[in-house]
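Trainee: got a predicted structure plus its sequence, pasted below:
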Amino acid sequence: MSADSKRALLQLATRARSTRGARSAARRPPVASAGGTWLALVAGFGGLRDSDGEVHFTPRLPEGWAGMRFRVQVRGQLIEVEMTPGETSYRLVEGRGLLVHYAGEELRLAPGEPVRRPETPVSALESGLPLAA
């Protein structure tokens, strides 16, 4: 995860402090809010969706962000997604091979072979893909 993403994650997580133990919450973010923030970043900006067992990505990096990187496990295989302005890359870190979808296009991920795609076209965002898993 990039430094900017970590900073954004921490800022969001610390805003969601629990009312009990506010003093300890100030030192570290509650686990549930950190998980919720991760989900918001990955499903929101990363555009991750699971539709009938198929994994879809429609990434949109916020304007002004230098990048965002995250890892997600799908059917026992680990994918690393790295978003930069203008491009997103998908790399299979662990596993034998996996089919995912990017803006309606099938991408076959293989070990050691990153797949790069340009920024998500606006038409893909209006494709009707489910907004929630």
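Mentor: Happy to help now that I have it. Numbers count the residues shown, from 1 in each chain.

Trainee: so what secondary structure elements neighbour whichever strand or helix holds residue 93?
Mentor: Assessed by DSSP states H and E, residue 93 sits inside strand 87-94. Helices and strands touching strand 87-94, as assessed by 3 or more Cβ pairs under 8 Å, 6 or more residues apart in numbering; DSSP states H and E, comprise strand 77-84, strand 98-102, strand 105-109, strand 115-118. C-beta here means a position set from N, CA and C on the backbone, and glycine is covered the same way.

Trainee: buried stuff in stretch 95-110?
Mentor: 95, 98, 100, 101, 102, 103, 107, 109 (16 or more other Cβ atoms under 10 Å).

Trainee: widest-spaced pair of those?
Mentor: 95 and 103 (22.1 Å; Cβ to Cβ).

Trainee: residues touching residue 75, list them.
Mentor: residue 98 (Cβ atoms under 8 Å, 6 or more residues apart in numbering).

Trainee: which phi and psi values does it adopt?
Mentor: phi 50, psi 50 (degrees, to the nearest 10).

Trainee: which one of the buried residues of stretch 95-110 is nearest residue 58?
Mentor: The closest of those, once distances to residue 58 are taken by Cβ to Cβ, is residue 103, at 5.8 Å.

Trainee: phi, psi for the closest one please.
Mentor: For residue 103, the backbone dihedrals are phi 50, psi 40 (criterion: degrees, to the nearest 10).

Trainee: cool, residue 76 as well?
Mentor: The phi/psi pair for residue 76 (degrees, to the nearest 10) reads phi 80, psi 10.

Trainee: quick one: it and residue 98 touch, right?
Mentor: No - if you go by Cβ atoms under 8 Å, residue 76 and residue 98 don't touch, sitting 9.6 Å apart.
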